[in-house]
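1. using only what follows, build the 3D model:
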Amino acid sequence: MERATTILIVDDDVSAVRALSKAISGLGQVLFATQGDAAVELARQQQPDLILLDAQMPGISGFEVCRILKGDPSTSNIPVIFVTAHTEASMEEEGLELGAVDFIGKPIRPAIVAARVKTHLHLKLAMDRLNRQAQTDGMTGLANRRALDQSIEREWQSVLRTQRAFSLLLLDIDFFKRYNDHYSHLMGDECLSAVARVLARCAERPMDLAARYGGEEFAIVLPETTRDGACRVADKVIENVRALNIAHATSELGVVTVSVGVASFDAQSAGWSLLNHISANPPGLLFGAAQLLSVADRALYAAKQSGRNSSRFEAIEALDAPGSPASSS
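-> Below you'll find the predicted structure:
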């Protein structure tokens, strides 16, 4: 079920906000902001489907708001329509070069505003459907590797911006090659789908993401989650997969199980205090998806070495160089 369409109106003139709200009545849920910085934060939090943005506002101008939104991976795909009394060709050109999809002059004509908003919403929703198809694993219905990498990058940027915890689970079906060889690849595919359904249930918040990492490996992205919370999710995954009671004659445990690596960056991590000085861009915080996944992979390897059907934790240490050993607990 698709979520309700949301439109963000940004204008320091309350009467203009009212007029635009009336013009687009019935096209979606309307949010509004009267300042640029508030608009940026609202867009990041609510992920509207379209933004109607005044070009000239006190403080951060509409052009600067657009520049910030288009430079942030979490908001770069949201279409922006400038709505302004300044309709000079040079301003329209600047807005379009910044990434806006349209330019509407004031005073507004309600029917024109509604028609243009409707057109860009249809384009956005169609593009969203295509993106979901391109980012979905065909066998399991979970997010695919591309979507996983994008989610990790986006959430890590959120960590740097909001100073909130971040956790990542990487898991592997134990002795899956043996399972395929013994039961057939068709049964193996059914096993993968059953495990995927467990992960989808365990990634229960809207912000969580369950993904197929590749082969018999899966991942769960857990924003705003400390190591303790992530370890609880890992335990839940292990218990629920084992509770499926899928026979596995070539495993010592007799049923299908998983091993889980847990990686977290929170207040207990070395270098957490660097978030207070993010303007300095400390090199130790400039991780990408590959580096973050490598920490979870080391934890997963430790879980396998310890006998499987278990989880192991490893901290994402902000001062680690990519690939260097991190302290485990």
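
2. only C-alpha atoms from now on, for both contacts and neighbour counts.
-> Fine.

3. list the contacts of the residue lying closest to D13 once chain neighbours are set aside.
-> Distances taken as Cα to Cα, 6 or more residues apart in numbering place T34 nearest to D13, at 7.2 Å, with adjacent residues excluded. Contacts of T34 were listed using Cα atoms under 8 Å, 6 or more residues apart in numbering, and they are V10, D11, D12, D13, V14.

4. want to throw the residues you listed into JSON lines with secondary structure, neighbour count and distance to L160?
-> Formatted as JSON lines, the contacts of T34 follow (DSSP: H, G, I helix; E, B strand; the rest coil; neighbours: other Cα atoms under 10 Å; distance: Cα to Cα, whole Å):
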{"residue": "V10", "secondary structure": "strand", "neighbour count": "29", "distance to L160": "26"}
{"residue": "D11", "secondary structure": "coil", "neighbour count": "27", "distance to L160": "28"}
{"residue": "D12", "secondary structure": "coil", "neighbour count": "18", "distance to L160": "29"}
{"residue": "D13", "secondary structure": "coil", "neighbour count": "13", "distance to L160": "33"}
{"residue": "V14", "secondary structure": "helix", "neighbour count": "13", "distance to L160": "33"}
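
5. ok, of these, which one's closest to L209?
-> Nearest to L209 out of those is V10 (Cα to Cα; 29.9 Å).

6. tell me the pLDDT of the residue nearest to D13.
-> T34 is assigned 95 on the pLDDT scale.

7. could I get the phi/psi values of it?
-> phi -110, psi 0 (degrees, to the nearest 10).

8. now do it against L192, distance only.
-> 49 Å (Cα to Cα, to the nearest Å).

9. what residues sit buried inside the longest helix seen in the chain?
-> Criterion DSSP state H: the longest helix present in the chain is helix 110-134. With burial defined by 16 or more other Cα atoms under 10 Å, the residues of helix 110-134 counted as buried are V113, A114, R116, V117, K118, H120, L121, K124.

10. ok, stretch 174-181 next?
-> Quick answer for stretch 174-181 (16+ other Cα under 10 Å): D174, F175, F176, K177, Y179, N180.

11. how near is I9 to G62?
-> Distance from I9 to G62, by Cα to Cα: 11 Å.

12. shared neighbours, these two?
-> L53.

13. inside helices: which ones of the buried residues of stretch 174-181?
-> F176, K177, Y179, N180.

14. stretch 67-78: how far from the chain's middle?
-> 13 Å (Cα atoms, centre = their mean, to the nearest Å).

15. what's next to that stretch, contact-wise?
-> So stretch 67-78 is contacted by V40, A43, R44, Q47, P48, D49, L50, I51, L98, G99, K124, R154 (Cα under 8 Å, 6+ apart).

16. same thing with stretch 135-142?
-> Counting by Cα under 8 Å, 6+ apart, 143-147, 189, 192-193, 196-197, 200, 210-212 sit against stretch 135-142.

17. narrow these to just the buried residues.
-> Judged by 16+ other Cα under 10 Å, buried ones among the contacts of stretch 135-142: A143, N144, R145, A147, L192, S193, A196, A200, A210, A211, R212.

18. backbone phi and psi for I78, please?
-> Here I78 shows phi and psi, under degrees, to the nearest 10, equal to phi -80, psi 120.

19. show me what the residue lying closest to H86 once chain neighbours are set aside is bridged to.
-> Residue nearest to H86 in three dimensions, not counting chain neighbours: G105, with 7.1 Å by Cα to Cα, 6+ apart. Assessed by DSSP bridges, G105 has beta-bridge partners T84.

20. does G105 touch A89 like I think?
-> No - assessed by Cα atoms under 8 Å, G105 is found out of contact with A89, at 11.3 Å.

21. out of the two, which sits in the more crowded spot?
-> Taking other Cα atoms under 10 Å, G105 and A89 do not tie; G105 has more neighbours (16 against 9).

22. parallel or antiparallel, list what pairs with the helix or strand hosting V262.
-> Taking DSSP states H and E as the criterion, V262 maps to strand 258-265. Sheet partners assigned to strand 258-265 using DSSP bridges are listed as strand 166-173 (antiparallel), strand 311-315 (parallel).

23. could you dump those strands into a markdown table with mean pLDDT added?
-> A markdown table is the format used below for these (pLDDT from 0 to 100):
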| stretch | mean pLDDT |
| --- | --- |
| strand 166-173 | 96 |
| strand 311-315 | 93 |
